[in-house]
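Chemist: give me a 3D structure for the following:
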Amino acid sequence: MTINQRKDGGITVLELQGRLDSFSSHDTDRQVTKLIDDGVLKIVLDLSGLEYVSSAGLRVVLSAAKRIRQAQGKMVLACPAPQVKKVLDVAGFSTILPIFATMDEAVKDCRIAAVAHTEHVKAANFKLTAAEEIYLLALDESRGVVRTLPDFTLDYALASALLMELELFDRIDTDLTTLKVTSAVPTGEPLLDETLLELQRKTDPQPTSFWLELLTARKGHIEGQVLAQLIRKGILKQENRRILWVFETHRYPLMDDREVKEVRARLRELILSDDIPDPRDVVLISLGKACRLLDALFTQEENERVRPRISSLARLDLIGDELANSISELERKVAIASMPHSM
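Modeler: Have a look, this model is predicted:
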């Protein structure tokens, strides 16, 4: 992957050539970040020479767009090849970044001064994993139980959260067809490392849907481990109750509600604004939408207003998109199985 830089008036044009994936994303991110830090605040990404982009590459573009927005600058995309345009369309990038078919259009648009605005950038505490934050979103803290969901939904969401977290750790990469391991170095998070080892059992790349099905084969396995981690971290505590002297249920009241309030407040503020999301928040919005957990963050009137915004943000991660497809397919199968059969 090479990046050629040139000036067009006051606009910096970055010509990306080759493949933007897990192998080239770090260097690309470093170069673009340095430009923004040096005060280059009007950038056109010329994608005409880009042959391939994966989820790691999409995160680079998303992070750069967020940085330049925070610096009150502007970035637009230009001339994507058909195969790259398809990925951008599937991920819904046109909802957060202008994409132009010609360089002239892109440069002209970028010359228009970005609307000045002040963002209160918060230093989010990412002490918890994505799977743990999703579990807390699913928790009805007043009763200490998980909200009523279709019985496969939480399993799939937590499995997707593990894959998305491994993406953020640069251990895996995905495109529209396959998921592959790019680094076998442990993350230090036991459940993530267990998942990383599982992904290495297949030498040939498999689609994300394959791994979601495999990781959820043991019902409740991931949920139990996520819950145990939250208890070890002091976020939840466990109370045992016996029913009819036989069955045992578990209630998990919050020991320290700062964590759940932080993630809910963070997502609510982002969704109600027009800010560009952090890649990690894209993960949580994708999962929250698929599990129908975001409605509780808003009033009924707000829900009607933010639904298009949630849909566009949720598409920005390819694994989140696959999760939504998988849950829709499972719901379809359940509906068919429950239909009465004619004799």
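Chemist: when you work out contacts or count neighbours from here on, use the C-alpha atoms and nothing else.
Modeler: Will do.
Chemist: quickly run through the sheet partners of the longest strand that the chain contains, with directions.
Modeler: Identified as the longest strand of the chain according to DSSP state E is strand 42-53. Strand 42-53 has its sheet partners listed here by DSSP bridges as strand 11-20 (parallel), strand 74-78 (parallel).
Chemist: give me the mean pLDDT for the shortest one.
Modeler: Taken as a whole, strand 74-78 has an average pLDDT of 94.
Chemist: and the spatially most central residue of the chain, helix, strand or coil?
Modeler: Taking C-alpha atoms, centre = their mean as the criterion, Val283 is the residue nearest the geometric centre of the chain, at 2.2 Å. Of the three states, Val283 takes helix under DSSP: H, G, I helix; E, B strand; the rest coil.
Chemist: that one contacts Ala161, doesn't it?
Modeler: Yes. Using C-alpha atoms under 8 Å, Val283 is in contact with Ala161, at 7.3 Å.
Chemist: check contacts around the closest residue to Ile276 other than its chain neighbours.
Modeler: Closest residue in space to Ile276, ignoring its immediate chain neighbours: Lys66 at 5.2 Å, by C-alpha to C-alpha, 6 or more residues apart in numbering. Lys66 sits next to 275-278 when contact means C-alpha atoms under 8 Å, 6 or more residues apart in numbering.
Chemist: circling back to that earlier point, just tell me which of the strands paired with strand 42-53 ends up closest to Glu198.
Modeler: Across the strands paired with strand 42-53, the minimum distance to Glu198, taken as C-alpha to C-alpha, is reached by strand 11-20, at 25.9 Å.
Chemist: tell me the mean pLDDT for the helix or strand following the closest one?
Modeler: Note on strand 11-20: by DSSP states H and E, the next helix or strand toward the C-terminus is helix 25-37. For helix 25-37, mean pLDDT rounds to 93.
Chemist: run the chain-centre distance for helix 25-37.
Modeler: 21 Å (C-alpha atoms, centre = their mean, to the nearest Å).
Chemist: try stretch 269-286
Modeler: 9 Å.
Chemist: start and end of that stretch, how far apart?
Modeler: End-to-end distance for stretch 269-286: 16 Å, by C-alpha to C-alpha, to the nearest Å.
Chemist: tell me the buried residues in it?
Modeler: 270-271, 276-286 (16 or more other C-alpha atoms under 10 Å).
Chemist: which of those residues sits closest to Leu230?
Modeler: Leu284 (17.0 Å).
Chemist: tell me the contacts of the closest one?
Modeler: 130, 133-134, 161.
Chemist: now these as CSV including pLDDT, secondary structure and neighbour count?
Modeler: CSV is the format used below for these (pLDDT from 0 to 100; DSSP: H, G, I helix; E, B strand; the rest coil; neighbours: other C-alpha atoms under 10 Å):
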residue, pLDDT, secondary structure, neighbour count
Ala130, 90, helix, 23
Glu133, 90, helix, 24
Ile134, 92, helix, 25
Ala161, 91, helix, 26
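Chemist: return the member of those nearest to Glu167.
Modeler: The nearest member of the contacts of Leu284 to Glu167, counting by C-alpha to C-alpha, is Ala161 at 9.7 Å.
Chemist: kind regards, and thank you for your time.
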